[in-house]
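Engineer: Mind folding the following:
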Amino acid sequence: MTEIEIGRAKRARRAYSFDDVAIVPSRRTRDPEEVSVAWQIDAYRFELPVIAAPMDSVMSPETAVAFGRYGGLGVLDLEGLWTRYDDPTPLLEEVAGLDGPEATRRMQEIYAAPIRAELITERLHQIREAGVTVAGSLSPQRTKEFAKAVVDAGVDMFVIRGTTVSAEHVSSQAEPLNLKEFIYELDVPVIVGGCATYQAALHLMRTGAAGVLVGFGGGAAHTTRTVLGVAVPMASAVADVAAARRDYLDESGGRYVHVIADGSIGRSGDVAKAIACGADAVMVGSPFARASDAPGRGFHWGAEAHHAELPRGQRVGFEPVGTLEEILFGPSRVADGTMNLIGALRRSMATTGYTDLKEFQRVEVVVE
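Structural biologist: Numbering: from 1, shown residues only. A predicted model of the protein is given here:
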């Protein structure tokens, strides 16, 4: 592993973003219609290797249901507006209409309302009644408080998602969440992250998680790099965590933990590159914020944007390009990779001669 000398006292290794790498065509090509983009985690099979990020700007109970019917997994933010207000529609409209430097302050006020356990139950029941896989997300700080309500509501998949999540959190202020004990006691599969290094991923895999989210500091709505100075280029991060998955498979005697790229995936080419670097699936936010039927009404933001003490995100405006269905399946009316994400992934796999996602992880890539 080559290291670069930054100065006499500091060395660092070179890391690569998705923009730095490219997929190499092979000697064989296939018909895109013969390519499978399905994947399975635990007992749940999905026709699309795409998870919609738990962000109020892209996921409501209605869009989670629609996304599930399209073949993906929609994750509802259980700390968002849908679990704080009986009807958050007027507040979503207000957030979309905010302007200037007051936007962050007003969002902090809106999200200061308490999370209500009965609304968690109601929203998850709404998704379950539609007959799709039910997934909800909590931050590590809120997991112990609301986990029982989430599991009792009948969630199929539990997501613990933060800017960075460690298997061991040290705190003198409160009893930390012991991920290994917590996951062991749950009856549902858990996806946890983010992380961006081999060692951190290996520790998360040892907790019993079914999937690990890779990434922090990236994404269109994040300013983590600017505020905290924390970021890891995603191509290197995914490849490192994929190596941890391989080694944990040997260590555990055959237990496979899924790697899910979560960050810096803004266009269809990024989806293909994430899987080429070793991801089993991707978690996507900003591309779906471009949907005309997205809850954010052309704006995109995450939980970091309204943090009460240290906001590390921003509300980003997008020009809608089509419906959620068109963004997933086309037909595309633009040539910039913002529409027909699944069609583009199929064509990328077909161009390189691979028929399924596990095979495609072996495709050759180059650094540009």
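Engineer: dump the residue contacts of the closest residue in space to Leu81 that isn't next to it in sequence.
Structural biologist: In this structure, Leu81 finds its nearest non-sequential neighbour in Pro88, 3.6 Å apart by Cβ to Cβ, 6 or more residues apart in numbering. Quick note: C-beta positions are derived from backbone N, CA and C, even for glycine. When contacts are counted by Cβ atoms under 8 Å, 6 or more residues apart in numbering, Pro88 touches Asp56, Leu81, Trp82.
Engineer: which one of those residues sits closest to Ile275?
Structural biologist: Set against Ile275, the nearest of the contacts of Pro88 by Cβ to Cβ is Asp56 (27.1 Å).
Engineer: how near is that closest one to Phe299?
Structural biologist: Asp56 is 10 Å from Phe299, where distance means Cβ to Cβ, to the nearest Å.
Engineer: These two: which has the busier surroundings?
Structural biologist: Asp56 (28 against 21; other Cβ atoms under 10 Å).
Engineer: Tell me how many other residues surround the nearest residue to the more buried one once chain neighbours are set aside.
Structural biologist: Distance criterion Cβ to Cβ, 6+ apart; nearest residue to Asp56, sequence neighbours excluded, is Gly80 at 4.3 Å. Counted with other Cβ under 10 Å, residues neighbouring Gly80 total 25.
Engineer: Strands of the stretch 151-300 of the chain, residue ranges please.
Structural biologist: For the stretch 151-300 of the chain, applying DSSP state E, counting those that start in this stretch gives strands covering 157-161, 190-195, 211-214, 258-262, 281-284, 299-300.
Engineer: Could you export the ones you listed as JSON lines, including mean pLDDT and distance to Arg69?
Structural biologist: Output for those, formatted as JSON lines (pLDDT from 0 to 100; distance: least, Cβ to Cβ, whole Å):
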{"stretch": "strand 157-161", "mean pLDDT": "95", "distance to Arg69": "16"}
{"stretch": "strand 190-195", "mean pLDDT": "92", "distance to Arg69": "21"}
{"stretch": "strand 211-214", "mean pLDDT": "97", "distance to Arg69": "22"}
{"stretch": "strand 258-262", "mean pLDDT": "97", "distance to Arg69": "21"}
{"stretch": "strand 281-284", "mean pLDDT": "97", "distance to Arg69": "17"}
{"stretch": "strand 299-300", "mean pLDDT": "92", "distance to Arg69": "23"}
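Engineer: which one of these lies closest to Phe318?
Structural biologist: So among those, strand 299-300 is nearest, using Cβ to Cβ, at 6.2 Å.
Engineer: For the closest residue to Asn340 other than its chain neighbours, grab phi and psi.
Structural biologist: Spatial nearest neighbour of Asn340, excluding adjacent residues (Cβ to Cβ, 6+ apart): Gly330 at 3.1 Å. Gly330 adopts backbone torsions of phi 80, psi -170, taken as degrees, to the nearest 10.
Engineer: Could you list the low-pLDDT ranges of the stretch 201-350 of the chain?
Structural biologist: 217-225 (pLDDT under 70).
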